[in-house]
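*Asks:* predicted model, plus sequence, below.
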Amino acid sequence: MLNTKLVTWALGLWAAITFVVCVVYGLVTPQSLGMQGFLEMVLPAFTWLTWWGFLLGLVESFLYGAYAGLVFCPIYNWLQRRWGGVKDRTV
């Protein structure tokens, strides 16, 4: 059984860290290879290279990751209870 709180926090932090890595990648590569267009498409109201946009993108990324954990854990735990149990095997 997965701990929903733990997985939710882990995925939220993972998504936030990934957002920061994407922004840094966008800053060190040419604009044609950068993440500006992608981040502006997937994060509502995100604007490139503003403090407000960065903070908003960071919060949105964390919330997307937390949402994934909140949805994934109950589904996984339900499937684990239903089909993942070890069955008694007699030889």
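*Replies:* That came through fine. Numbering: from 1, shown residues only.

*Asks:* tell me the contacts of the residue nearest in space to the middle of the chain?
*Replies:* Closest to where the C-alpha atoms of the chain average out (C-alpha atoms, centre = their mean) is Gly65, at 3.0 Å. Shown in contact with Gly65 (C-beta atoms under 8 Å, 6 or more residues apart in numbering): 11-16. C-betas here are computed from N, CA, C, even on glycine.

*Asks:* these, buried ones only, as a ChimeraX selection?
*Replies:* In ChimeraX syntax, the buried subset of the contacts of Gly65 is picked out as below (16 or more other C-beta atoms under 10 Å):
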select :11,12,15,16
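
*Asks:* for Ile75, see how far away Trp9 is.
*Replies:* 18 Å (C-beta to C-beta, to the nearest Å).

*Asks:* cool, Leu39 as well?
*Replies:* If you go by C-beta to C-beta, the gap between Leu39 and Ile75 works out to 28 Å.

*Asks:* equivalent analysis for Trp48, please.
*Replies:* With the distance defined as C-beta to C-beta, Trp48 ends up 35 Å from Ile75.

*Asks:* so between the two, which is more surrounded?
*Replies:* Ranked by neighbour count (other C-beta atoms under 10 Å), Trp48 and Ile75 place Trp48 first, with 17 against 10.

*Asks:* before we move on, back to that, which ones among the contacts of Gly65 are found in helices?
*Replies:* Of the positions in the contacts of Gly65, 11-16 sit in helices, assigned by DSSP state H.

*Asks:* same list (the residues you listed) but as JSON lines, adding distance to Pro30 and pLDDT.
*Replies:* Compiled in JSON lines, the ones in helices among the contacts of Gly65 are given as follows (distance: C-beta to C-beta, whole Å; pLDDT from 0 to 100):
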{"residue": "Leu11", "distance to Pro30": "31", "pLDDT": "98"}
{"residue": "Gly12", "distance to Pro30": "31", "pLDDT": "98"}
{"residue": "Leu13", "distance to Pro30": "29", "pLDDT": "98"}
{"residue": "Trp14", "distance to Pro30": "27", "pLDDT": "98"}
{"residue": "Ala15", "distance to Pro30": "25", "pLDDT": "98"}
{"residue": "Ala16", "distance to Pro30": "25", "pLDDT": "98"}
